[in-house]
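Student: no sequence on this one, just coordinates:
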């Protein structure tokens, strides 16, 4: 067993983990943050996506010990002061979720995508960047719409701030 | 309709918890003392179990118990059953072989459970499962259904000679159909394969069994589309516990698509193991286990003859289908290629003679059962590929051939049981052709040719039967259950409302649409309405969600309960305002005396019902009513889908340029949610046509597509955005005029896509999935 310490959603947390413990197991089982899901075990489906030091990663193929000392953001930490993040709000407005199981990973991937591309996102780019996230309910149609809408809104927000 | 009533695009009430990570799925559940199960599964497709040695496993760290199938048998746990009786043509009942939750004598597919380990952690349970030593005597295996019917093949069950479960027929007599075909001016003949699919809801199946020894009571948290059916079956047939000692909770469920209808071995084992081991036991499937053990869908091989007279009217249809059932008969498997498939073989067309024969066959593969559409995609694919081929052979336009044969007056009795109540097939055809700019296709094709690309267009006109189903009718056809739905509307003392429903939402948005019904009825905000479902302790009974039934059947039950609540509320309001009951209207959150300015707020009506200080003489206190709704007929959603593709002849890769869906779903409660259902259905249909397919090694019976690295799930960049519209004719059979929308996309889309690809490449000989390799080969075979 190894003791790991990391910051999760702004809070410093520690725990004893086996060498083989995955980051997603640490988040779900040790921290009780069950918004991050496991859908495939082979890093294909993306239901486990969280941010590590500001970049989206698949927590099912990251060991907990690899995350030691890092800053982790999970879906539970995205909304601030009870207000949905613009990506979360766009998913709701555009019906970008049905069963909700892929949703946390989709949202975390989308936030990272918008951070990387800013206002330069178009439908083709969004679809290519969703390669690592599988949704079985929506046919992606409304997810793509939601991400484009959120990107536009966040881009407009950034411009207004400049 | 109001901003939140029927017909409004209301954003979903349930979204916030899913978007913030607060959804509660079965694997998220934690109870004190909970331990974890891991299954030991057969690595062989067919073998005798000679012995099981658990001694090493029992010594592994953290292990609490290692349990086997013999113990389960000794404890009286029953066989898994198929709940729909089908009789063969000769009158004999279907041949159901024994399916034990944990095999102790014979394993019949790769993944069949042979033991279960309960341990302190998932990792320890899996480590110990690796140490269970099973001595197998391997037997030859067969995975293809047509092969399994031939002489000299491995025999799966002693009950089913020749692996034949049933040999069933429906419709016009074979002789009459053959005579019509013999007299035809033209006959189109095809062999049609419908590929086997893995449903793949993103949430893997899971179960948590909690046994309370003090109360001798069991609780099962499980990923179910129909928790009440799960309780009924586990209690009445599997002998897990009496119904009053078994609570089944299906919390948030991450998609189902049919695969979570069935009651699987794992939830039974978790309950039983919880009592045996004295601890709560949780099992969560990994994705490979899901591929191995979630019931698969489709897997039909059919031959078809479609006969035409000299005016191109269809005179007869003859179909012979072999359906692969896998190693065991899953819960509703028998109904899929019979009453959910062959009864839809008239499609949208007036066909005077239809004869269909279906043989159901055991093979050494995962059990097959209902998957989104369940039988109707197979019927639609067969018909729409055949009529498209006929149009090509006859040299007429595919739209004209369909138009000429459309059913145009209703009700219409088909030769295969169904009585269509309403529809307007021409309207969907016209709308989709206009939307797709069918007339401009030739120019687009010419332009693509200049770029070296092959462009094609294809259509599909589908019909399905939803809103299953009238209980007496399905009972007469062999169903072991009634297919009504229940609802209860509870108005609280302060006027807020709870709707309890036997339907189950696993993505369909019931918490919103069902609340819209109530908002529409009383003019109260939807935030004052809560929808309760998925718990057998809260909702008395229900039949669950599948077959696009929650709108047509589930909401009809709510309407009936609302009628009763409204009637009582009006009596109370009339008494409070000293008015005549017939003059009371309830709207905008208040009861009014029509034509006056007298009003009582809704909450005061509710409060009066519960204070009971001033009620009409003889009236019981309270404002709560329940209802059961049994449908009078199936509903018949229909539509026309058009797909346009462009193919790179160098690689065989297909790009979908546009996909148009024009559907008739009857009345719609929330268009945003309905469109979402269509999008998702189309994506699954495109998946079937272009990407997905379960493959077994024919010799060893090993599943070759058991992960997302081997099974091609549709991803965002495989799909276009969709163009969706509605041309609705209200359903006359239920109070809301709803037909259902959950499966249409998966039913209508595969033939449209394959018709488009075969149009593009000029070779009609192409099976699903149309992978680049197959398309490339078909292009080269055509030249």
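Tutor: Everything's here; your move. All values derive from a computational prediction rather than experimental measurement.
Student: now name the helix or strand holding the residue in chain A positioned nearest to chain B.
Tutor: Per C-beta to the nearest C-beta, residue A:35 is where chain A lies closest to chain B, at 1.9 Å. The C-beta positions use only the backbone N, C-alpha and C, and glycine is treated the same way. Assessed by DSSP states H and E, residue A:35 sits outside every helix and strand.
Student: and it, what are its phi and psi?
Tutor: Dihedral angles of residue A:35 (phi, psi; degrees, to the nearest 10) stand at phi -70, psi -30.
Student: leaving out chain neighbours, which residue sits closest to it?
Tutor: Nearest residue to residue A:35 in three dimensions, chain neighbours excluded: residue B:21, at 1.9 Å (C-beta to C-beta, 6 or more residues apart in numbering or on different chains).
Student: how about that neighbour, secondary structure?
Tutor: Here residue B:21 is recorded as coil under DSSP: H, G, I helix; E, B strand; the rest coil.
Student: what's the burial count for residue B:213?
Tutor: Neighbour count for residue B:213, taken as other C-beta atoms under 10 Å in any protein chain shown: 9.
Student: the stretch 151-300 of chain B: strands as residue ranges?
Tutor: Remark: strands assigned in the stretch 151-300 of chain B by DSSP state E, counting those that start in this stretch are B:164-171, B:186-194, B:206-212, B:217-222, B:246-249, B:281-284, B:300-308.
Student: swap in chain A?
Tutor: Per DSSP state E, chain A carries strands over the ranges A:2-8, A:11-17, A:49-52, A:55-58, A:71-73.
Student: so of those, which one's packed in deepest?
Tutor: Each of those was scored by mean neighbour count; the highest is strand A:49-52, a mean of 24, by mean count of other C-beta atoms under 10 Å in any protein chain shown.
Student: circling back: quick one: neighbours of the residue of chain A closest to chain B, just the number.
Tutor: Neighbours around residue A:35, by other C-beta under 10 Å: 26.
Student: that one against residue B:24, yeah?
Tutor: No: at 10.3 Å, residue A:35 does not count as touching residue B:24 under the criterion of C-beta atoms under 8 Å.
Student: okay, domains of chain B per the record?
Tutor: Chain B breaks down into these domains under automatic domain parsing: B:31-139+B:202-255+B:260-293, B:300-468+B:633-782, B:484-629.
Student: what about the second one, average pLDDT?
Tutor: Mean pLDDT, taken over the full extent of domain B:300-468+B:633-782, equals 97.
Student: ok, now the first one?
Tutor: Averaged over domain B:31-139+B:202-255+B:260-293, pLDDT sits at 98.
Student: can you give me the pLDDT of residue B:170?
Tutor: Reading off the model, residue B:170 has pLDDT 98.
Student: out of the domains of chain B, which one sits most buried?
Tutor: Most buried of the domains of chain B, by mean neighbour count (mean count of other C-beta under 10 Å): domain B:300-468+B:633-782, with a mean of 22.
Student: near chain A, which residues of the stretch 201-350 of chain B? Just list them.
Tutor: When proximity is defined by C-beta under 8 Å from any C-beta of the partner chain, the stretch 201-350 of chain B lies next to chain A at B:201-204, B:252-255, B:257, B:284, B:286-288.
Student: show me the domain layout of chain A.
Tutor: Taken from automatic domain parsing, chain A resolves into A:2-77, A:86-161.
Student: ok, back up a step: export the domains of chain B to a markdown table and tack on distance to residue B:474?
Tutor: Formatted as a markdown table, the domains of chain B follow (distance: least, C-beta to C-beta, whole Å):
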| stretch | distance to residue B:474 |
| --- | --- |
| domain B:31-139+B:202-255+B:260-293 | 8 |
| domain B:300-468+B:633-782 | 7 |
| domain B:484-629 | 10 |
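Student: quick one: the strands in the stretch 301-450 of chain B?
Tutor: B:314-326, B:353-362, B:412-413, B:419-420.
Student: helices or strands up against the longest one?
Tutor: Spelled out, it's strand B:314-326. helix B:145-148, helix B:174-182, strand B:300-308, strand B:353-362, helix B:376-394 (3 or more C-beta pairs under 8 Å, 6 or more residues apart in numbering or on different chains; DSSP states H and E).
Student: who's in contact with residue B:68?
Tutor: B:52, B:54, B:102, B:104, B:114, B:115, B:116 (C-beta atoms under 8 Å, 6 or more residues apart in numbering or on different chains).
Student: ok, the third one touching residue B:132?
Tutor: This points to residue B:102. No: with contact defined as C-beta under 8 Å, residue B:102 does not count as touching residue B:132 (11.8 Å).
Student: overlap of the contact sets of the two?
Tutor: Counting by C-beta under 8 Å, 6+ apart, the shared contacts of residue B:102 and residue B:132 are B:114, B:115.
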